[in-house]
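Undergrad: next input, structure requested:
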Amino acid sequence: MKKKNIEKLLDFSLMLVDECSKISLKYYKKTIKPEYKKDNSPVTIADKKCEAFLISSIRKKYPEHSFLAEESGLADRDSDFKWIIDPIDGTKNFMRNFPFWGTLLALEYQGEVVMGIIALPAMKKVIYAGKGLGCFQNGKKIKVSKISSLEKSYFIYGGIEFITKQPYKERFLQLVDRSYYDRGYGDCFGHSLVVEGKAEFMLDPHVSPYDVAPIKICVEEAGGIMTDLNGEKTIYSRGVLTSNGFMHEEILKFLKG
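TA: Take a look at the predicted model:
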């Protein structure tokens, strides 16, 4: 796809995400009663309204495109284009008034993510990227860090309850011990720290495509890398590693033992 076409799609998407943020912020810091899905994960009225807004707005302009959204699932139109949506990534944070939540929107073209947005409304941050266009935060170009030593690295991770069930749990603890600093922020906020150059790598043990689609293009355009735990550059695996790239293979090999 040509860069000018990606730019147009990105401009359109940024406008939608800005409106979506206004919807989510109406419910943020309010007491809202969630519903619970089969896996016991919560969904709120903010999740539903944001997703409905994004899908309806995109469909008006691109009725032939496919969708994969967290709450409504897959709507396959046999199109080269697939929009991937997580209306509120970090719903549990949202419910308890933690600012570590965001709206994630990405576009896949012929199986490749070519555009992505990570909006963090409570922090007034929007990180976005298009293939070949670079990665930006609030209009300023950003890059991953250049730290190449594990002993100097900030290590972010999510889902301890999932990590402790993995065969690499002991090696994970060794990574924590070897890194300079570690924190379990989780969700899109944790990945955003790698994209911004504030941390060197994040291990996310339990994800779906809509959790990481925009992460992949954003970190790549910022100079880093995201793969699954086998080293494949895919958004369709259950666990991922996002990093500045310098120690990526080393960390994957270490986790495998």
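Undergrad: CA atoms for contacts and neighbours, from now on please.
TA: Noted.
Undergrad: domain map for the chain?
TA: Annotated domains of the chain cover 3-141, 150-256 [automatic domain parsing].
Undergrad: so can I have JSON lines of those showing mean neighbour count and mean pLDDT?
TA: Formatted as JSON lines, the domains of the chain follow (neighbours: other CA atoms under 10 Å; pLDDT from 0 to 100):
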{"stretch": "domain 3-141", "mean neighbour count": "18", "mean pLDDT": "97"}
{"stretch": "domain 150-256", "mean neighbour count": "20", "mean pLDDT": "97"}
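Undergrad: helices of the stretch 101-250 of the chain, start to end?
TA: Assigned by DSSP state H, counting those that start in this stretch, the stretch 101-250 of the chain shows helices spanning 160-163, 169-178, 187-195, 209-221, 248-256.
Undergrad: okay if I get those as JSON lines plus distance to Asp76?
TA: Shown next, in JSON lines, are the helices of the stretch 101-250 of the chain (distance: least, CA to CA, whole Å):
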{"stretch": "helix 160-163", "distance to Asp76": "30"}
{"stretch": "helix 169-178", "distance to Asp76": "37"}
{"stretch": "helix 187-195", "distance to Asp76": "25"}
{"stretch": "helix 209-221", "distance to Asp76": "15"}
{"stretch": "helix 248-256", "distance to Asp76": "33"}
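Undergrad: Pro99 is nearest to which of those helices?
TA: helix 187-195 (9.0 Å; CA to CA).
Undergrad: and the angle for the closest one with helix 209-221?
TA: Angle, helix 187-195 to helix 209-221, by axes from the mean of the first three to the mean of the last three CA atoms, to 10 degrees: 10 degrees.
Undergrad: name the helices or strands packed onto helix 187-195?
TA: For helix 187-195, the helices and strands in contact under the criterion 3 or more CA pairs under 8 Å, 6 or more residues apart in numbering; DSSP states H and E are strand 112-120, strand 154-157, strand 201-204, helix 209-221, strand 240-243.
Undergrad: now do whichever helix in the chain runs longest and strand 112-120, the angle between them.
TA: Longest helix in the chain, counting residues (DSSP state H): helix 3-27. If you take the same axes, to 10 degrees, helix 3-27 sits at 30 degrees to strand 112-120.
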